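>>> the sequence and its predicted three-dimensional model are supplied below.
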Amino acid sequence: MKKTLIDKIAAIAMAITLLAGLTACGSNEASADKTLNGYYTSTQNVSFFSAYPAYTFKQATFSVQTLETYADGTYCLTCVDSNFSGTLTFADDGTHEEVPRGVSSTKYFGTFTSTEESGLLTVTLSAPTSVAVASNYSVGNDVLGYLNTAAWTDEMGALAGGENGAMSAEDYLASVAFGQVSVIIDTATDTFDYTVLNPAA
């Protein structure tokens, strides 16, 4: 193949980021003023997972985030993860071998405050009040599909709970929500460092 894995992933990540930008997420809840007043993109992040020595399975996840802020004091933080498994090697001849495992897009909604000083904008995000997830990631036959805690259905509850039984929207939100976090944005480039989101619990 002519493209390296990095070229391929970069192209995919760029397309997803542009798509996310074109489909402005607004808020998961009704509001009087949904004027977009800020749109920011993170650096890229790569993480690896290996099941060795029990299994030969290994995986790389390529991630990027976008942050939208609105005039009503709400935000939408979108996290897109592209997953690949396989040998994940980078040969000198440009060939590679990997298996696409799907993409997950998670949108977190909440409120924010911000301060600016010396070209740096610090945006403090509250713990999310709702979340929407679209995922076709799979290492088997099952995929998560679409979940939205602001428009929860019995089908979503069954998907989220899986073998453990149906989950409520509140329980699912509690399982994926992060605690308050601050994002520092370079106003010259409207970019920020990829932010690891730790569960609030």
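Looks like it arrived, so ask away.

>>> from now on I want contacts and neighbour counts done on CA atoms only, so please keep to that.
OK.

>>> and the residue positioned nearest the centre of the chain, which helix or strand is it part of?
Closest to where the C-alpha atoms of the chain average out (C-alpha atoms, centre = their mean) is residue 79, at 1.5 Å. Using DSSP states H and E, residue 79 falls within strand 74-85.

>>> only C-alpha atoms, please: export that strand in PDB.
Taking Å, rounded to 0.1, in the frame of the first residue of the first chain, the C-alpha atoms of strand 74-85 are listed here in PDB:
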ATOM      1  CA  THR A  74     -22.900  25.800  27.700                       C
ATOM      2  CA  TYR A  75     -20.400  23.600  26.000                       C
ATOM      3  CA  CYS A  76     -20.200  20.600  23.800                       C
ATOM      4  CA  LEU A  77     -17.000  18.500  24.000                       C
ATOM      5  CA  THR A  78     -16.700  15.900  21.300                       C
ATOM      6  CA  CYS A  79     -14.200  13.000  21.600                       C
ATOM      7  CA  VAL A  80     -13.600  10.900  18.500                       C
ATOM      8  CA  ASP A  81     -11.700   7.600  18.800                       C
ATOM      9  CA  SER A  82     -10.600   5.500  15.800                       C
ATOM     10  CA  ASN A  83      -9.600   2.000  16.700                       C
ATOM     11  CA  PHE A  84      -7.300  -0.400  14.800                       C
ATOM     12  CA  SER A  85      -5.900  -3.800  15.700                       C
END
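
>>> and that strand, which strands flank it?
strand 58-70 (antiparallel), strand 99-117 (antiparallel) (DSSP bridges).

>>> state the mean pLDDT of the shortest one.
When you say that, I think you mean strand 58-70. The average pLDDT for strand 58-70 rounds to 94.

>>> give the buried residues for it.
59-70 (16 or more other C-alpha atoms under 10 Å).

>>> repeat that for stretch 41-58.
Of the residues in stretch 41-58, 41-42 count as buried by neighbour count, 16+ other C-alpha under 10 Å.
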